[in-house]
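S.K.: using only what follows, build the 3D model:
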Amino acid sequence: MTPIALTMGDPCGIGPEITLRACADPRRNVPVVVIGDAHVLARADSFAGTGLVLRPVDAVDRAAYAPGTVDVLAESDLPADLPWGSLDARAGAASFQYVRRGIELALGGDVRALVTAPVNKEALRLGAVPYPGHTEMLADLSGTTDYAMMLANEELRVVLVTVHQSLRTAIDAIDTARELGIIRLTHRTLRRGGLRAPRIAVAGLNPHAGENGLFGREDLDAIAPAIRAAQDEGIQASGPWPADTVFMRARAGEFDVVVAQYHDQGLIPVKYLGLEHGVNITIGLPFVRASVDHGTAFDIAGRGTADHTSLLTALHHADRLSAAAADRR
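M.R.: As a prediction, the model looks like this:
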């Protein structure tokens, strides 16, 4: 029985609470090993109220997956008075430890997928972690150079060309080679997921996709050539389409996925449809990784009101994707 590893996220955020609730949810039908801090999880259960028995283990093969329990790989020993809802360097460093351990387990085949609760980018920085977020640390520590972030729910899939950088630098980073690489990766990923000929819509960067150069030449000079090159390879890519309508068209079924040019262009449509149903999938990694589509929510951490639906959905996606990957081997 190969489990999924679940990292509990930033210890000061809602990650510990939603981790416990996802593990306790009767809809969860996949074995899970939690990577985190057993003491923090115990404190979180005082208001999460799952009644789960925390069972510390020192290796995945010691996990029992017994009903009413959760097996915890303890990767930190944080102070009992670590405050909920606060930025803390110790929490940032610990959340990175959890992800690093999860990557090691996934690469070693000890777990069949990695699911991550949210980390906080500023806490990572305070903890001297040299990565701005999950995507970058996952890629670097797994030795992956061809990767991207995909956000998905039941109505929409979006893949990002640029991710965690300022809008100014994101625009500078968009070129034909990068664009074509993301289109190819998106095509390969969806084919592996069962779509024989994925219909890929590419969103334009500028208003009205540049209006033939009137509002900027990036769409003409960088994006359009990548689409033509992808088409020459037999990929069903089209665009660049005006970003103010392409997501609606994809949601209506005209396209299977939208390639978006920068972070907020792609994430706003997905998150508008409901944070509780969206998941974040890093494509191109040598293992399956899925995550929630929301942050650490420091404003409600420690109150017992956090919704675990997105994390449960991420577990279900990771289960399906890792099963499909195993079937292809």
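
S.K.: kindly export the host helix or strand of D140 (C-alpha atoms) in CSV.
M.R.: In the assignment (DSSP states H and E), D140 maps to helix 134-141. The C-alpha atoms that make up helix 134-141 are tabulated as CSV, following Å, rounded to 0.1, in the frame of the first residue of the first chain:
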residue,chain,number,x,y,z
HIS,A,134,6.3,25.6,-3.7
THR,A,135,6.7,25.5,-7.5
GLU,A,136,10.3,26.7,-7.4
MET,A,137,11.5,24.5,-4.6
LEU,A,138,9.8,21.4,-6.1
ALA,A,139,11.4,22.0,-9.5
ASP,A,140,14.9,22.7,-8.1
LEU,A,141,15.1,20.0,-5.5
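
S.K.: just checking, what packs against that helix?
M.R.: helix 89-107, strand 279-283 (3 or more CB pairs under 8 Å, 6 or more residues apart in numbering; DSSP states H and E). To be clear about C-beta, it is placed using only N, CA and C from the backbone, and glycine gets the same treatment.

S.K.: what angle do the shortest one and helix 134-141 make?
M.R.: It refers to strand 279-283. 30 degrees (axes from the mean of the first three to the mean of the last three CA atoms, to 10 degrees).

S.K.: how many residues are close by V163?
M.R.: Neighbours of V163 under the rule other CB atoms under 10 Å: 20.

S.K.: name the helix or strand for it, please.
M.R.: Here V163 is assigned to no helix or strand, by DSSP H and E.

S.K.: what average pLDDT does the helix holding D140 get?
M.R.: In this model, helix 134-141 has an average pLDDT of 92.

S.K.: buried ones in it?
M.R.: H134, T135, M137, L138, A139, L141 (16 or more other CB atoms under 10 Å).

S.K.: worst average pLDDT in the helices and strands packed on helix 134-141?
M.R.: Ranked by mean pLDDT, the helices and strands packed on helix 134-141 bottom out at strand 279-283, which scores a mean of 90.

S.K.: packing partners for that one?
M.R.: Counting contacts by 3+ CB pairs under 8 Å, 6+ apart, strand 279-283 is packed against helix 134-141, strand 148-152, helix 176-192, strand 288-292, helix 309-328.

S.K.: now with 7 Å, please.
M.R.: Applying 3 or more CB pairs under 7 Å, 6 or more residues apart in numbering; DSSP states H and E, we find strand 279-283 packed against strand 148-152, strand 288-292, helix 309-328.

S.K.: ok, it: who's next to it in the sheet?
M.R.: Listed by DSSP bridges, the sheet partners of strand 279-283 and their directions read strand 148-152 (antiparallel), strand 288-292 (antiparallel).

S.K.: all helices of this structure, in order?
M.R.: Here the chain has its helices, by DSSP state H, at 15-24, 38-48, 89-107, 121-126, 134-141, 167-173, 176-192, 218, 224-232, 243-251, 263-272, 309-328.

S.K.: what lies in contact with the fifth one?
M.R.: Right, the one you point to is helix 134-141. 96, 99-100, 103, 116, 119, 131, 147, 149, 163-164, 282, 285, 289, 291 (CB atoms under 7 Å, 6 or more residues apart in numbering).

S.K.: what's the nearest residue to G210 if we skip its chain neighbours?
M.R.: D219 (3.6 Å; CB to CB, 6 or more residues apart in numbering).

S.K.: again with A106
M.R.: F287 is the one closest to A106 (CB to CB, 6+ apart), at 3.9 Å.

S.K.: any low-confidence regions in the chain?
M.R.: Scanning the chain with the threshold set as pLDDT under 70 gives 275-276, 324-329.

S.K.: what's the residue closest to the geometric middle of it?
M.R.: The chain has N280 as the residue nearest its centroid, 2.9 Å off, counting by CA atoms, centre = their mean.

S.K.: the closest residue to that residue other than its chain neighbours: neighbour count?
M.R.: Distance criterion CB to CB, 6+ apart; nearest residue to N280, sequence neighbours excluded, is S291 at 4.2 Å. Using other CB under 10 Å, S291 has 29 neighbouring residues.
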